[in-house]
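Asker: here are the coordinates; sequence isn't available:
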């Protein structure tokens, strides 16, 4: 909670985290350049020595990975809400893929990365995202990513 009353979420990347400086910069840059209602907003960041912090907007409800396996919580996800979730995920990914200046390949979509609030969902964690030039349509990689 900030002094003025705004709630935030802070992610502290551990020093042993596999997310290096490049992935950290991707999380910040992709969010700053591509704001969208279905993407979690990064409000700020800090890099000091080996310390890396990200400050996000606070999402009051759980992620999909906490809801899907729980039979009691699953009941709130009727088919209309499930369809809306799929549509909002697709809309967020479409936004990343169709930006005219740069394109982002998200690469690590899973239920833990889908955060819910009272109105909609937001895709989070862009550490594994790949950023491409505006007219670039493919790239080769020798590094396996994602889960």
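Answerer: Great, that's in hand. All figures in this text were calculated on a predicted structure; none of them were measured in a lab. Numbers count the residues shown, from 1 in each chain.
Asker: check contacts around residue 63.
Answerer: 111-116, 124 (C-beta atoms under 8 Å, 6 or more residues apart in numbering). All C-beta spots, glycine's among them, are computed from the backbone N, C-alpha and C.
Asker: in the sheet, who's paired with it?
Answerer: When bridges are called by DSSP bridges, residue 63 pairs up with residue 115.
Asker: ok, back up a step: could you dump the contacts of residue 63 to TSV with pLDDT?
Answerer: TSV is the format used below for these (pLDDT from 0 to 100):
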residue	pLDDT
111	86
112	85
113	84
114	87
115	87
116	83
124	80
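Asker: from those residues, which single one is nearest residue 1?
Answerer: residue 115 (18.3 Å; C-beta to C-beta).
Asker: Serialize the contacts of residue 63 to a markdown table and add fields for neighbour count and distance to residue 43.
Answerer: As requested, those are exported to a markdown table (neighbours: other C-beta atoms under 10 Å; distance: C-beta to C-beta, whole Å):
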| residue | neighbour count | distance to residue 43 |
| --- | --- | --- |
| 111 | 13 | 24 |
| 112 | 15 | 21 |
| 113 | 21 | 18 |
| 114 | 24 | 20 |
| 115 | 22 | 15 |
| 116 | 20 | 19 |
| 124 | 23 | 13 |
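Asker: which one of these is nearest residue 10?
Answerer: Out of the contacts of residue 63, the member with the shortest distance to residue 10 (by C-beta to C-beta) is residue 124, at 13.1 Å.
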